[in-house]
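In: let's see this in three dimensions:
(2 chains)
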Number of protein chains: 2
Amino acid sequence: MKRRDFIQKAGVGSLVAGASLASSGVANAAAQFKWKMVTAWPKNFPGLGTNANLLAKMITEMSGGRIKVKVYGAKELVPAFEVFDAVSRGTAEMGHSGAYYWKGKSEATQFFSAVPFGLTAQEMNAWLYYGGGLELWRELYKPFGIIPAATGNSGVQMAGWFNREIKTIADLKGLKMRIPGLGGEVLRRAGGTTVNMPGGELFTSLQSGALDATEWVGPYNDLAFGFHKVAKYYYYPGWHEPGSTMEALINEKAFNALPKDLQQIVLMACKAANMDMISEYTARNNQALDTLINKHKVKVLPLPDEVLKTLKQLSDEVVLELASKDAMSKKIYDSVSQFRSQVTKWGSISEQAFLRARSL
Amino acid sequence: MKRRDFIQKAGVGSLVAGASLASSGVANAAAQFKWKMVTAWPKNFPGLGTNANLLAKMITEMSGGRIKVKVYGAKELVPAFEVFDAVSRGTAEMGHSGAYYWKGKSEATQFFSAVPFGLTAQEMNAWLYYGGGLELWRELYKPFGIIPAATGNSGVQMAGWFNREIKTIADLKGLKMRIPGLGGEVLRRAGGTTVNMPGGELFTSLQSGALDATEWVGPYNDLAFGFHKVAKYYYYPGWHEPGSTMEALINEKAFNALPKDLQQIVLMACKAANMDMISEYTARNNQALDTLINKHKVKVLPLPDEVLKTLKQLSDEVVLELASKDAMSKKIYDSVSQFRSQVTKWGSISEQAFLRARSL
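Out: Numbering: from 1, shown residues only, chains lettered A, B, ... in the order given. Model (predicted):
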């Protein structure tokens, strides 16, 4: 962690008009705040950037303009990977990103975005709101002066676009794939080579053969990128990102300077935005999948069970190693693992059993 | 529909303090509103009544007390089944209930709560927010002067508690079961006898043999009722209620009288409450299921495939007949059916394929 991260600027959260900050509600109706929201996404990027826009809009509208939130795309104010630092030191009052970007700060951040063979969107939100997850997340970010909140979820992603067929685990050997985070570590252990590059370079890299495969998100986002023009096979399921969570980062001092009604507005806007994004992805992935299959004749294939089994064993290893890095990682791992084992049992006789029955 | 339903009282939404209603935001900060929320549940009933409490609390807190929402349990102000009328005529500014209670107003209301073999929670919300569902729901309630919003979801329920084993469809013949709505009609066609009675009488009716079976919700709610003491078998999955939606009813005149910031607060509070309830149920059903199995030694059994297949055929018949009742029902049926067929395809390669992989 860099020293500057701890330097807290005074005057965080520009207070435009007067009134006492200590009391709440109507008494502070005249107080106005101008907030900046820095994001890890290109401005207006479908699903991710637009979720940030929605969040800012909801806060601004619900507060009757008492908080005006302005959204900045990656690089507009700070680069994507400096969003956390910018919110920590108060350069921006809010951020919108994914927690796994901050593993340099703490390995445990990865538990709050995507864990291979981890929780689905519905399970993740159950853990966060009713299983102790959010409290742990707040504890983890507390030393950085940041309050985290879940503000969106992509749902189960796709395994990715491949230029060779995957029939056995041996087909992953030597595979050059763009797959970040814990999933990338799993692929390396399976013999693959992981390559990190910005989204904008993926298309040409697949075309030139610099990459054999890439994961991205799912049909809705992938169709827009045109991957079907440069890769033959579209594999599922997204074992590495079963319910990727978007995070809102809130500078703690800026938050504490708000009257109570505006604090509630900021937190509830995140919760409503969280509901919005998974709904958007569930609806739009459908339509995009139809287009990919029927219009673009994409071959949509399942990863074979043998491959998935090996990936699961390797994932368990990788996640267990993560848990051993420090006390906080262990504490979060224990909480989420216990929750996963319980929720798996309930899920098998509820959603899974129902969906099976519906398809009989 | 009763004539009095159309009588709109003047002065809906008590305006306590002055300020112009036409403009929005800070200008109206002094305007205060006292709202009543009538509910179809006993006051503080776990999950349902508490979701109404949460919704009221969020609106009150986010508005800094400018809207004070007071929650009334069933019978406190009006009986459960008069919630819709009370909101329609402005006796209460808000209601909290389930849309299938209002099939006497319009058969099509049933599409917005629970449809046998219909949508899960995540799918339902995707249809409502991004598949045109909410617009149709608003159109349906418009003649009654009510604006509807989704404010919670129970997730996939259990098929219910039974005092006889269900091995073939013949075991449903003559079965006396409490199962309301479309699911009840399906059971009648399968040869069962449906009985309607308030929740409070179910326990003794099972004990006395007046009932052979009852559905209720799921482990979290059922454990509290103690059904495991009077019924032997606990069957899954809840084919009849795969994602039961809770509705918030908002009197249109009262809503229109609010400044824009408070309108947004009311609507977004519903969306955040919607996220909250499915999270609560996903987390708490787990724990309750564990208690039922490990402590109370309940036999948790799947309905056999042959039984589910027949129930599905009968359900398709019943829902198709519902669609033929009137033009609005047809329009909603077409929308939700098309959505279901698309979402089923996406679900099979995303959540279902992932959950299967996780259990390999």
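
In: how about the helices in chain A?
Out: Taking DSSP state H as the criterion, chain A carries its helices at A:49-62, A:83-89, A:121-130, A:133-141, A:181-189, A:202-208, A:219-225, A:252-256, A:260-290, A:305-323, A:327-349, A:351-358.

In: output these in JSON lines; the columns should cover mean neighbour count and distance to chain B.
Out: C-beta here means a position set from N, CA and C on the backbone, and glycine is covered the same way. JSON lines is the format used below for the helices of chain A (neighbours: other C-beta atoms under 10 Å in any protein chain shown; distance: least, C-beta to the nearest C-beta, whole Å):
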{"stretch": "helix A:49-62", "mean neighbour count": "23", "distance to chain B": "4"}
{"stretch": "helix A:83-89", "mean neighbour count": "25", "distance to chain B": "22"}
{"stretch": "helix A:121-130", "mean neighbour count": "26", "distance to chain B": "4"}
{"stretch": "helix A:133-141", "mean neighbour count": "19", "distance to chain B": "10"}
{"stretch": "helix A:181-189", "mean neighbour count": "22", "distance to chain B": "13"}
{"stretch": "helix A:202-208", "mean neighbour count": "16", "distance to chain B": "21"}
{"stretch": "helix A:219-225", "mean neighbour count": "21", "distance to chain B": "8"}
{"stretch": "helix A:252-256", "mean neighbour count": "18", "distance to chain B": "15"}
{"stretch": "helix A:260-290", "mean neighbour count": "25", "distance to chain B": "3"}
{"stretch": "helix A:305-323", "mean neighbour count": "17", "distance to chain B": "4"}
{"stretch": "helix A:327-349", "mean neighbour count": "18", "distance to chain B": "4"}
{"stretch": "helix A:351-358", "mean neighbour count": "21", "distance to chain B": "4"}
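
In: make CSV out of these and add mean pLDDT.
Out: Below are the helices of chain A laid out as CSV (pLDDT from 0 to 100):
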stretch, mean pLDDT
helix A:49-62, 98
helix A:83-89, 98
helix A:121-130, 98
helix A:133-141, 98
helix A:181-189, 95
helix A:202-208, 94
helix A:219-225, 91
helix A:252-256, 98
helix A:260-290, 96
helix A:305-323, 97
helix A:327-349, 95
helix A:351-358, 95
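
In: how much space is there between residue A:176 and chain B?
Out: From residue A:176 across to chain B, the span is 24 Å (C-beta to the nearest C-beta, to the nearest Å).

In: and that residue, what are its bridge partners?
Out: Under DSSP bridges, the beta-bridge partners of residue A:176 are residue A:193.

In: how many neighbours does it have?
Out: By other C-beta atoms under 10 Å in any protein chain shown, 16 other residues sit near residue A:176.

In: who's in contact with it?
Out: A:192-193, A:195, A:210-213 (C-beta atoms under 8 Å, 6 or more residues apart in numbering or on different chains).

In: do the same with residue A:345
Out: Neighbouring residues of residue A:345 by C-beta under 8 Å, 6+ apart: B:286, B:289-290.

In: run through those residues and flag the ones next to chain A.
Out: Subset of the contacts of residue A:345 in contact with chain A: B:286, B:289-290, counting by C-beta under 8 Å from any C-beta of the partner chain.

In: among these, which one lies nearest to chain A?
Out: Among these, residue B:286 lies closest to chain A (C-beta to the nearest C-beta), at 4.0 Å.

In: stretch A:238-254: end-to-end distance?
Out: By C-alpha to C-alpha, to the nearest Å, the extent of stretch A:238-254 from end to end equals 37 Å.

In: my guess is residue A:347 meets residue B:355, correct?
Out: Yes: the pair residue A:347 and residue B:355 passes the contact test of C-beta atoms under 8 Å, sitting 6.5 Å apart.

In: residue B:64: which of the helices of chain A is closest?
Out: Nearest to residue B:64, of all these, is helix A:260-290, at 3.3 Å by C-beta to C-beta.

In: so the closest one versus helix B:49-62, what angle?
Out: 120 degrees (axes from the mean of the first three to the mean of the last three C-alpha atoms, to 10 degrees).

In: how many neighbours does residue A:178 have?
Out: Neighbourhood size, residue A:178 [other C-beta under 10 Å]: 24.

In: how close does the nearest residue to it once chain neighbours are set aside sit to chain B?
Out: What sits nearest to residue A:178 in space, not counting adjacent residues and going by C-beta to C-beta, 6 or more residues apart in numbering or on different chains, is residue A:214, at 4.1 Å. Going from residue A:214 to chain B by C-beta to the nearest C-beta gives 18 Å.
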